[in-house]
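Peer 1: quick one: sequence and predicted model below, then my questions.
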There are 2 protein chains.
Amino acid sequence: MGEQRARVLVVAGTHGNERNGPWLLEHWRAHPGSLATAGLDLDLVIGNPEAHTRNRRYLDRDLNRSFDPTLLADASRCEREVVRARQLLAAHGPEGQQPCVAVLDLHSTTSAMGNSLVVYGRRPEDLALAAGIQHRLGLPVYLHEADQAQTGFLVERWPCGLVVEVGPVPQGVIQQRICRQTQLALEAALAVLAQAAQGVLRLPPRLLVHRHLGSLDLPRCADGTPLACLDGRRQHRDWWPLRSGDPLFCRADGEVLPYTAPPERAHGPVWPVFVNEAAYGEKGIALSLTQRELWPVQHGWLEALQALMGAESAG
Amino acid sequence: MGEQRARVLVVAGTHGNERNGPWLLEHWRAHPGSLATAGLDLDLVIGNPEAHTRNRRYLDRDLNRSFDPTLLADASRCEREVVRARQLLAAHGPEGQQPCVAVLDLHSTTSAMGNSLVVYGRRPEDLALAAGIQHRLGLPVYLHEADQAQTGFLVERWPCGLVVEVGPVPQGVIQQRICRQTQLALEAALAVLAQAAQGVLRLPPRLLVHRHLGSLDLPRCADGTPLACLDGRRQHRDWWPLRSGDPLFCRADGEVLPYTAPPERAHGPVWPVFVNEAAYGEKGIALSLTQRELWPVQHGWLEALQALMGAESAG
């Protein structure tokens, strides 16, 4: 072990109308034995308490798009979520008062994502953590990268971190199954981080990722009104292949609008995620498209995560 | 037919984050042939346009609890939904500028209500309409009555009216299946009203109702935090029988809290509705309980509805 034990930040309620993680988190705070922490020191934090109190996703702007360094450094910006992002970093950031080296951000979605992980970019520490969790629970991994329209995610400001994303569940609702899945994923993540800290983590030979390609919006009128909704056959079909010509949208008169793949993707399927997520309508996202890829797990990922967590073998 | 053709009001978006009805309604407005009106004259109206624009259930107070006559008559009350309720009555009410004799109010829910009807009280016209729709589509009917904690529903201010309630669908989301169910129920209701106007309506011998008994809240701490969530085995089990001793709630530590029937109901089941509806958390309702009853359809119901709709045979 290193001189100082690596702390891990666990955030729930980054979006105030996602209720399952915060409800669990308050329970874990009140009953410390109720979460299997694998011996790690944790900070358990509600991401956006004011939005949580009002049961709204956010007040001024999406907190999970507010961790852009340029935005945070701009003293003229004082939206409540920007202020909150600065607070979280000052208190729990890697250079904060109580520094955390890794963060697990607990989300839920109205999409049928099941129990899943979202990783932002290709940091070796994140990929090691995702591979370790996938090895334990088989969770699908959505690798979000290279999308200029969606930036400033919370976990990007810590040296290691990922999102646990569980659904489908409506906004504002607590469901026992969603809670159970959330706790399972978090405990697996903590077990992986603890093994990394002890220098005993073993990773599987391959990591299955769903690599972000881009997003599609609904067809819309000039005034923004949707001309069509998602075709019923795509509802709750996150992670299922979508091929050119498959039904994708449907007009109110029943006319089906099929998916048309761009020429460079005409022959293989894509895999949709965040299908018909309630909060993404305002972002102009009806679904995101990914490419399913099997990546060899690199030894450098393991080394990077163990070094970060302070394992002696990596010191 | 009477001297003046009976107009029917169709409202969608009484709650601004229920998106399916309003999306359909805008389509019907733009394409008048796309809704089977059965020859009736309709007013198609968005209930709460400002809340709809903001994708929020309401702004100041629930519009569908704002049609209490005492509240509406109180000139000192000027919440936006109270003002809107007065506007709707002035424009489309039974004594309004363009009088409507009946109203159909299109809602959606996060509960697994399926395609269903809600009737408020035992007005013969409403029961005739519900029986006619149930005869066509078999939809379950929730009869809401005698609950002092929930009053001021929109449809109560028209001589006849009911709610079409379709779910499960998250708030803020349009789903094709929900739209199809909504349109089916509405078209059946219009067909029944049109037959009543023509004096040719026939009703089935019996109406199956789920009569409101009361509502249960989650167990809560003193500060209002839920001590338990709905047991996963009750999720999506609207309309299923619940017996004393059945699992009902579940604490975060997994402890199951069974349903305990009051002594007078110890022997038969109750039938829950609006199970874990997102918007009812703030109302302190985790689910409502009903009694399933098979009522003989009374001839007076038919006569009342036909008279209201202006049928000559009833004149």
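Peer 2: Good, I have the coordinates.
Peer 1: the stretch 1-150 of chain A against chain B: which residues are in contact?
Peer 2: A:Trp23, A:Leu24, A:Glu26, A:His27, A:His31, A:Ser34, A:Asn55, A:Thr110 (Cβ under 8 Å from any Cβ of the partner chain). C-beta coordinates here come from the backbone N, C-alpha and C atoms, glycine included.
Peer 1: any chance of these in a markdown table, with neighbour count and pLDDT too?
Peer 2: Converted to a markdown table, those look like this (neighbours: other Cβ atoms under 10 Å in any protein chain shown; pLDDT from 0 to 100):
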| residue | neighbour count | pLDDT |
| --- | --- | --- |
| A:Trp23 | 19 | 97 |
| A:Leu24 | 25 | 98 |
| A:Glu26 | 18 | 97 |
| A:His27 | 19 | 96 |
| A:His31 | 11 | 95 |
| A:Ser34 | 14 | 97 |
| A:Asn55 | 16 | 95 |
| A:Thr110 | 26 | 98 |
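Peer 1: report the two of those separated the most.
Peer 2: A:His31 and A:Thr110 (29.1 Å; Cβ to Cβ).
Peer 1: all helices of chain A, in order?
Peer 2: Secondary structure of chain A (DSSP state H): helices located at A:20-30, A:49-54, A:69-73, A:80-92, A:124-137, A:176-198, A:299-308.
Peer 1: the nearest residue to A:Val270 once chain neighbours are set aside and A:Gly268, how far apart?
Peer 2: Spatial nearest neighbour of A:Val270, chain neighbours left out: A:Leu289 (4.3 Å); criterion: Cβ to Cβ, 6 or more residues apart in numbering or on different chains. When distance is defined by Cβ to Cβ, to the nearest Å, A:Leu289 is 12 Å away from A:Gly268.
Peer 1: of those two, which one has the most company?
Peer 2: More crowded of A:Leu289 and A:Gly268, by other Cβ atoms under 10 Å in any protein chain shown: A:Leu289, with 21 against 12.
Peer 1: for that one, what are its contacts?
Peer 2: A:His212, A:Leu213, A:Gly214, A:Ser215, A:Leu216, A:Leu242, A:Val270, A:Trp271, A:Pro272, A:Val273 (Cβ atoms under 8 Å, 6 or more residues apart in numbering or on different chains).
Peer 1: of all pairs in those, which one spans the longest distance?
Peer 2: A:His212 and A:Leu242 (14.5 Å).
Peer 1: re earlier: return the most buried member of the helices of chain A.
Peer 2: Mean neighbour counts were taken over these using mean count of other Cβ atoms under 10 Å in any protein chain shown, and the top value, a mean of 24, falls to helix A:124-137.
Peer 1: ok, and the closest non-adjacent residue to the residue nearest the centre of chain A?
Peer 2: With distances taken as Cα atoms, centre = their mean, A:Val163 lies nearest the centre of chain A, 2.9 Å away. Using Cβ to Cβ, 6+ apart and skipping the chain neighbours, the partner closest in space to A:Val163 is A:Val118 (4.0 Å).
Peer 1: any part of stretch A:208-226 near chain B?
Peer 2: Yes. Using Cβ under 8 Å from any Cβ, stretch A:208-226 reaches chain B at A:Thr225, A:Pro226.
Peer 1: end-to-end on that stretch?
Peer 2: 34 Å (Cα to Cα, to the nearest Å).
Peer 1: ok, back up a step: how about a markdown table for the helices of chain A, with distance to B:Asp246 added?
Peer 2: Listed next are the helices of chain A as a markdown table, based on distance: least, Cβ to Cβ, whole Å:
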| stretch | distance to B:Asp246 |
| --- | --- |
| helix A:20-30 | 23 |
| helix A:49-54 | 31 |
| helix A:69-73 | 51 |
| helix A:80-92 | 42 |
| helix A:124-137 | 31 |
| helix A:176-198 | 15 |
| helix A:299-308 | 46 |
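Peer 1: quick one: which of those helices is nearest B:Arg220?
Peer 2: The nearest among the helices of chain A, by Cβ to Cβ, is helix A:20-30 at 11.8 Å.
Peer 1: dump the closest one to PDB, keeping only the CA atoms.
Peer 2: What follows is helix A:20-30, C-alpha atoms only, in PDB (Å, rounded to 0.1, in the frame of the first residue of the first chain):
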ATOM      1  CA  ASN A  20     -32.700   5.400  -6.800                       C
ATOM      2  CA  GLY A  21     -29.000   6.100  -6.200                       C
ATOM      3  CA  PRO A  22     -29.600   8.900  -3.700                       C
ATOM      4  CA  TRP A  23     -32.100   6.800  -1.700                       C
ATOM      5  CA  LEU A  24     -29.500   4.000  -1.500                       C
ATOM      6  CA  LEU A  25     -26.800   6.400  -0.600                       C
ATOM      7  CA  GLU A  26     -28.700   7.900   2.300                       C
ATOM      8  CA  HIS A  27     -29.200   4.300   3.500                       C
ATOM      9  CA  TRP A  28     -25.500   3.500   3.300                       C
ATOM     10  CA  ARG A  29     -24.700   6.700   5.200                       C
ATOM     11  CA  ALA A  30     -27.100   5.800   8.000                       C
END
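Peer 1: name the helices or strands packed onto it?
Peer 2: strand A:7-12, strand A:41-46, strand A:102-108, helix A:176-198 (3 or more Cβ pairs under 8 Å, 6 or more residues apart in numbering or on different chains; DSSP states H and E).
Peer 1: adding distance to A:Glu81, write these out as CSV.
Peer 2: Shown next, in CSV, are the helices and strands packed on helix A:20-30 (distance: least, Cβ to Cβ, whole Å):
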stretch, distance to A:Glu81
strand A:7-12, 13
strand A:41-46, 13
strand A:102-108, 14
helix A:176-198, 23
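Peer 1: appreciated, that's everything.
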